[in-house]
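pasting the sequence and the predicted model now:
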Amino acid sequence: MHTTVALMIAVLLGVAAPAAAAGPVFPKPPALAPRVDFWRRIYTEVDTGGGLLHDARNLEIVYETLSLPRGLSIRARERRTRTRKQHYRRVLRSLATGKRKNLSLEERRVLSLFPPDVSNATLRKASDRIRFQLGQADKFRAGLIRMGRWEDYVRRVFAERGLPTQLVALPHVESSFNPDARSHVGASGIWQFTRSTGRLYMHVNGVMDERNDPFLSTVAAARLLKHNYNETGTWPLAITSYNHGSAGIRRAVRKLGTSDIDAIIDRYKSRSFGFASRNFYSEFLAAKEIEEDSERWFGLVERDPAENPEIVVLDHYYRPAALTKAFGVTLGALRLANPALLRPVWNGTKHVPKGYSLRIPRDPSRAAPKVVLARVPSSERFARQVPDRRYRVKRGDSLSRIAQRFGLRQSDLIRANGIRNRHRIRVGQVLNLPVRHGARPHRVVAATRPKPVPAHGLYRVRHGETLWKISRRFGVGQSDLAAVNHIADARRLKAGQVLQIPAGAMTARARPGGTPGVYTVRRGDTLDAISRRFGVTQRELVAQNGIHNRHRIRIGQRIFVPRAEETPGAAAQ
């Protein structure tokens, strides 16, 4: 009788009935045990100062725990990892020739990782499957601490929607419960929603991005996970769908004729079903086991206190300054409590939207949020959002150039217009500019002016000076200065050396009214954008500045411009 009642309740909740009939909600087939063990090692044994070199297919085969000192640059870390991969590739290919006698200690160790009867073909394939996985133990522990802020809320949201509350472990896999986490493919927040998926469940635009709010994105994650479960019928498949998409998982089920997660992981072949998708459910199982018994792996971890802000739904559009004054909080505190609101709101370009659920740090001495909001003067209530300024793309424009011209960040311009590829804007396209209405475009002027050439045309090199620095001092090109003085190697300049300065070498080529100068590279600049701005060729900038790679200029770099008069840009529409 009790079982029947439990099953009826489970059916109403919409998730547990199949689990009750088929076994645990989150089964761990024996075939997945080595994968789960691997990820448990990644999450508990190795921190981000190292990682495991392993076989990408058979995670039981771990060649080495590689240490990567904290001080190493990204390039140095990649170089060290690549060197060790090449080492094991050579060992495996040597063994793949059939070599089984007179083995070195290293060859014997590597061979012992495989079954005694391993074939040469298997070893040869393994030589092409060597992979490095960065450790995550320190990040996982930090995630256990952070999850205290939202754990109770996540469990409550999932329970109210009939979802297993153990799904609270999923953000450990996605982001280590870091709300500031951003991936290289544009996923954001603790649940790592991409823009396209996020827009199905949340507001993602130029004013707010609800993916960044742990509270709002948790509700969206619950909806997505329930959708995945309804589409696939099992939680292993629903969780894998969170990474691979439910359509892709349904395709795998149809192709293989089974919904068994271990069979799909082992046998399904698809270009998009890569290492991350193949291992996502195993990662979740490992994270769930660790989260449920965290003291065993990390000792006593004190979690952050739960966030418990007050909430008020805005009945008008408001300036952030008016809200901070009304509620007696700092702008920083309000911004921290509302991570969904983007930069244009906080810099005054846009208002906090009407209908937005504003979170305010709790203060028992303050009146109820609705009462406080009602006291805001009518002059600080707005019926409409600040309108965007619009700009029509002209020939030769780039997104970085437009952003620079109007003092914007390229990322804000991308968000405001839902641009997927920053390299693809077309002539005639109308862009929304998240700037104050009526704001005027910036005009870039030369950062410095060259000094007059001495009457005798000679200059004595001082200690520490370079040819590049002297060329900018007098407004001449480095190549011209080197040519006049027969300097073959610009690096071999000595203090006390006398140089002849080619007076007017650059101004002779400047167009009427143009004067040479030095421009300081800003965020979003490209050499192409700078050359177009000042009406010079990229080749000229490369030659005069000794630039070896035109794709690598850095913010703050000073670039000599033969003629520093800005070319007229297209006006905003």
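Here it is on my side, so go on.

sketch out the low-pLDDT regions of this protein for me.
Under the criterion pLDDT under 70, the flagged ranges of the chain are 1-22, 435-456, 477, 503-518, 543-546, 548-550, 562-573.

max-length helix in it?
Taking residue count as the measure and DSSP state H as the definition, the longest helix of the chain comes out as helix 74-95.

would you mark the buried spots in that one?
Of the residues in helix 74-95, 77, 80-81, 85, 87-88, 91-95 count as buried by neighbour count, 16 or more other CB atoms under 10 Å. Quick note: C-beta positions are derived from backbone N, CA and C, even for glycine.

just the strands in the protein please.
Secondary structure of the chain (DSSP state E): strands at 50-55, 62-67, 130-134, 310-313, 357-360, 389-392, 430-433, 458-460, 498-500, 517-520, 558-561.

which of these sits most buried?
Of all the strands of the chain, strand 558-561 has the most neighbours on average by mean count of other CB atoms under 10 Å, namely a mean of 22.

so what strands line up beside that one?
In the sheet containing strand 558-561, its partner strands are strand 517-520 (antiparallel), by DSSP bridges.

go ahead and confirm residue 521 touches residue 553.
Yes - taking contact to mean CB atoms under 8 Å, the distance of 5.4 Å between residue 521 and residue 553 places them in contact.

joint contacts of these two?
Contact criterion CB atoms under 8 Å, 6 or more residues apart in numbering; residues bridging residue 521 and residue 553 by contacting each: residue 559.

returning to that earlier point: got a markdown table for the strands of the chain, with distance to residue 153 too?
Converted to a markdown table, the strands of the chain look like this (distance: least, CB to CB, whole Å):
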| stretch | distance to residue 153 |
| --- | --- |
| strand 50-55 | 33 |
| strand 62-67 | 37 |
| strand 130-134 | 30 |
| strand 310-313 | 12 |
| strand 357-360 | 12 |
| strand 389-392 | 39 |
| strand 430-433 | 34 |
| strand 458-460 | 69 |
| strand 498-500 | 69 |
| strand 517-520 | 46 |
| strand 558-561 | 50 |
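
now stretch 522-534 - C-alpha only, PDB.
This file holds the C-alpha atoms of stretch 522-534, laid out as PDB (Å, rounded to 0.1, in the frame of the first residue of the first chain):
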ATOM      1  CA  ARG A 522      43.200  51.100 -26.900                       C
ATOM      2  CA  ARG A 523      41.000  48.200 -26.100                       C
ATOM      3  CA  GLY A 524      39.500  46.800 -29.300                       C
ATOM      4  CA  ASP A 525      42.000  48.300 -31.700                       C
ATOM      5  CA  THR A 526      43.500  46.400 -34.600                       C
ATOM      6  CA  LEU A 527      46.200  47.600 -36.900                       C
ATOM      7  CA  ASP A 528      43.700  47.600 -39.700                       C
ATOM      8  CA  ALA A 529      41.400  50.000 -37.700                       C
ATOM      9  CA  ILE A 530      44.300  52.300 -36.800                       C
ATOM     10  CA  SER A 531      45.500  52.500 -40.400                       C
ATOM     11  CA  ARG A 532      42.000  53.300 -41.700                       C
ATOM     12  CA  ARG A 533      41.400  55.900 -38.900                       C
ATOM     13  CA  PHE A 534      44.500  57.900 -39.900                       C
END
